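1. Have a look at this prediction, sequence included:
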Amino acid sequence: METRTLHILVIDDDEVDRMSINRALRRTSLKIEVDEADDGQRGIDALDGKSYDCIFLDYRLPGMDGLEVLGRIREKGVRAPVIILTGQGGEQIAVDIMKAGATDYIVKDSISPELFEKSLKYAVSVHEAQEEVRMYQRNLEELVEQRTAELTRAKLEAESASRAKSDFLANMSHEIRTPMNGVIGMTNLLLQTPMSAQQREYLGDVRISSLSLLNIINDLLDYSKIESGKLELETVRFNLYDFVEEVGRLVRSQARDKGLHFEIITTHEPSTIVAADPSRLRQVLVNLLGNAVKFTERGAVTLRVTSENLSPTRSLFVFFVEDTGIGVPREKQRVIFESFSQADGSITRKYGGTGLGLAIVKRLVEIMGGRIDVESTVGKGSTFRVEVPLIVVPKSPSIIPGSGLLGSDPKSPGAAQAPTGLRALVAEDDPVSRKLATKLLEDLGLFIEAVEDGASAVQRWKSGHYDMVFMDCQMPGMDGFEATAKIRAMGGAGAEVPIIAMTARAGPQDAQRCREAGMTEHIAKPINEKKLVELVGNYAKTAAEARLGPPISGFASSEDPTLLAYDLHGQRGSLVLADFTQQADSNLLGMREALARGHFEDIERLAGTIRESSFLFGAAVLEEKSWMLSQAARSQNSVEIHQLIAETGRELEQLRRISSWGVRLKS
């Protein structure tokens with residue numbers, strides 16, 4: 001500051017004071033260049049053509065006082081330090097001056113070169129420091145803006161790459177699954193025909209190899225969906241005891257072939273019903289048990305299941321998979337859960353595998369809200385421990401024996417046979433897949449007409465009557481989505497007919513797209529015959545009922561979906577439902593009182609209680625209303641809360657009517 005010239009502006013209406021200030025400034029040791037203005041407006045105008053290092057401003061000016069001038073100076077965006085000159089001292093004046101944004105102030109009676117130099121040095125140094133901070137701030141903002149732009153570009157590129165990868169995997173899935181559907185399906189059909197023992201052995205090897213290839217494809221797709229955050233879980237009620245037994249059957253033969261003892265030990269009741277994603281839980285257990293069998297040459301493999309209550313409706317289930325196999329070294333026990341990793345490279349050469357299995361298992365368990373760990377000793381064996389919290393349904397619903405899933409038994413008499421006279425239209429461009437679908441559906445008792453593209457399916461629909469449509473999604477010309485939209489747009493039967501998508505795209509987003517396109521259900525290729533039997537059984541029954549006429553009005557069906565989770569038809573069931581509706585009514589009353597007091601947290605808590613019970617009863621509409629209530633409470637939307645309380649009350653009344661229907665039907 002000492003080596004450069006400081007440009008000063010003095011604004012004072014008193015000529016004598018201006019001369020005194022000018023003289024004092026020039027007698028300092030600083031290099032000074034002074035401009036003067038004799039009123040506030042001229043001082044403001046002087047700032048238009050020149051910048052100043054400091055401004056000395058008189059406190060008392062005619063027309064416009066010093067503080068008003070200071071405000072106008074700051075409005076122009078001038079940040080130069082301003083030192084107020086006042087003929088009066090006093091604490092209040094000093095406070096007003098500093099509040100107005102002045103850097104310092106000097107009482108005119110004490111003007112001296114030393115005081116001016118000290119004040120000027122202070123003001124300029126503060127200003128320079130502030131400007132330096134502003135410069136750093138501007139630079140930082142520019143860097144942040146630049147970095148943000150780079151991150152945004154990188155994010156967009158990553159999202160684009162992720163979409164490209166997902167599209168590639170989806171396309172590859174379709175291209176691979178379509179011929180795999182034909183290979184596996186036709187192999188299964190061929191195994192049902194007469195052949196020599198050697199032919200059956202060779203064909204069995206073909207089937208095993210095909211299924212192994214399909215497992216690898218599924219692992220890669222699952223890994224991709226998990227990495228992209230697109231893996232979605234479904235919630236299904238199932239019997240845990242039957243589920244565990246089914247998992248055991250899947251690996252028991254493998255263990256027997258290797259001469260291993262296989263055992264299942266459970267501590268829960270055989271009637272325990274839980275709500276979770278059975279396919280993903282099965283995937284976890286089958287992978288762990290398959291590894292246990294693979295890496296065990298002699299001894300035993302055990303699946304042990306225990307549980308502990310977390311709340312009246314939730315329990316922590318612990319699945320132990322124990323073996324007497326080769327074991328995992330301590331230093332490798334973390335590595336085995338990483339992608340494309342195994343404990344030792346020689347394991348891949350000896351036992352095979354992609355190294356994705358345990359990585360997928362770990363991520364699946366975490367997505368389900370659980371955790372997995374391992375205890376292992378080399379040469380003695382391993383114990384994998386999986387903890388998963390599950391919702392426990394207190395009363396057993398109707399289940400599929402052997403699978404644990406809700407519904408009818410596809411192996412029971414007549415379950416695999418659709419009502420006679422029902423017709424189905426199959427649209428599939430791949431000739432092998434078309435032949436396979438036709439054969440499978442004909443074996444289920446349906447009369448089939450098959451076409452090779454969407455346009456032909458639309459034309460055939462116009463000229464005939466069909467109770468079901470099986471539609472491939474990807475076909476040349478008009479695809480399955482467009483064909484479905486055209487059939488739905490025709491109205492009448494076209495708006496109601498079950499259209500079941502058959503697609504090699506197996507992701508949850510693909511199933512969602514099928515539903516959005518108007519398709520009723522989605523079955524992935526290679527076609528799972530058990531799933532196909534279940535779908536045909538459900539929709540064939542619906543189609544048959546449609547031909548026979550609707551049920552008697554005013555009475556609930558004995559399979560009313562509103563009461564799926566309980567056997568609530570009859571006096572005992574009605575009492576259970578009555579307890580629930582009475583408690584829910586009490587909760588609604590509590591919500592009304594809480595709304596009047598503005599206690600939104602109480603509303604959210606009471607709505608959550610209704611929602612949890614609604615889920616256990618299978619009351620989907622009531623569950624949705626109570627969820628909406630909790631969301632409205634969280635956003636403190638009083639109008640919406642009032643409306644939803646009324647709607648929830650009406651839904652409870654509907655449940656009460658269903659309960660009374662059950663008593664009338666039972667009696």
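-> Looks like it arrived, so ask away. Predicted model, so just to flag it, every value in this text is computed and none were measured.
2. which residues of the stretch 201-350 of the chain score low on pLDDT?
-> Across the stretch 201-350 of the chain, the stretches falling below the confidence threshold (pLDDT under 70) are 212, 219, 223-225, 227-230, 339-350.
3. make that the stretch 1-150 of the chain, sorry
-> Across the stretch 1-150 of the chain, the stretches falling below the confidence threshold (pLDDT under 70) are 1-3.
4. Now do the helices in it.
-> Assignment of helices within the stretch 1-150 of the chain using DSSP state H, counting those that start in this stretch yields the ranges 15-26, 40-46, 66-75, 91-99, 113-191.
5. How about the stretch 401-550 of the chain?
-> According to DSSP H, counting those that start in this stretch, the helices that the stretch 401-550 of the chain contains are 431-443, 454-463, 480-489, 493-496, 508-516, 529-548.
6. looking at those, which is closest to residue 55?
-> Of all the helices of the stretch 401-550 of the chain, helix 508-516 sits nearest to residue 55, with 65.6 Å by C-beta to C-beta. Every C-beta, even on glycine, is put in place using the N, C-alpha and C of the backbone.
7. if we can go back for a sec, could you export the helices of the stretch 1-150 of the chain as TSV, including distance to residue 207?
-> Formatted as TSV, the entries for those read as follows, by distance: least, C-beta to C-beta, whole Å:
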stretch	distance to residue 207
helix 15-26	101
helix 40-46	93
helix 66-75	84
helix 91-99	88
helix 113-191	5
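8. any chance of those helices in CSV, with mean neighbour count and distance to residue 215 too?
-> Rendered in CSV, the data for those read as follows (neighbours: other C-beta atoms under 10 Å; distance: least, C-beta to C-beta, whole Å):
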stretch, mean neighbour count, distance to residue 215
helix 15-26, 16, 89
helix 40-46, 17, 81
helix 66-75, 17, 73
helix 91-99, 13, 76
helix 113-191, 14, 11
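9. Would you mind measuring from the residue of the chain most remote from its centre to residue 10?
-> When distances to the mean C-alpha position of the chain are computed (C-alpha atoms, centre = their mean), the maximum falls on residue 16, with 77.7 Å. With distances taken as C-beta to C-beta, to the nearest Å, residue 16 is found 13 Å from residue 10.
10. And residue 614, by the same measure?
-> Separation of residue 614 from residue 10 (C-beta to C-beta) stands at 80 Å.
11. List just the one of the helices of the stretch 1-150 of the chain that sits closest to residue 226.
-> Across these, the minimum distance to residue 226, taken as C-beta to C-beta, is reached by helix 113-191, at 12.1 Å.
12. ok now the following helix or strand past that closest one, how far from the chain's centre?
-> Of the helices and strands lying after helix 113-191 in sequence (DSSP states H and E), the nearest is helix 197-227. Here the centre of helix 197-227 is set off from its chain's centre by 29 Å, with C-alpha atoms, centre = their mean, to the nearest Å.
13. what about residue 84, how many neighbours?
-> Residue crowding around residue 84 was assessed by other C-beta atoms under 10 Å; the count is 25.
14. List the contacts of the closest residue to it other than its chain neighbours.
-> Nearest in space to residue 84, with sequence neighbours left out and distances taken as C-beta to C-beta, 6 or more residues apart in numbering, is residue 105 at 4.2 Å. By C-beta atoms under 8 Å, 6 or more residues apart in numbering, the residues touching residue 105 are 59, 83-86, 93-94, 97-98.
15. and which of those residues is nearest residue 114?
-> Residue 114 has its nearest neighbour among those in residue 83, at 14.7 Å by C-beta to C-beta.
16. what about the residue nearest to that closest one when sequence neighbours are not counted, distance to residue 86?
-> Take residue 83 and drop its neighbours on the chain: the residue closest to it by C-beta to C-beta, 6+ apart is residue 104, 4.8 Å away. Here the criterion is C-beta to C-beta. By it, residue 104 lies 11 Å from residue 86.
17. do residue 315 as well
-> Plainly put, residue 315 is 79 Å away from residue 86 if you go by C-beta to C-beta.
18. same check, this time on residue 5
-> Using C-beta to C-beta, which is the criterion applied here, residue 5 is 27 Å from residue 86.
19. So those two - more neighbours on which side?
-> For residue 5 against residue 86, the residue with the higher neighbour count under other C-beta under 10 Å is residue 86, and the figures read 19 against 10.
20. how much space between that one and residue 78?
-> To residue 78, residue 86 is 21 Å away according to C-beta to C-beta.
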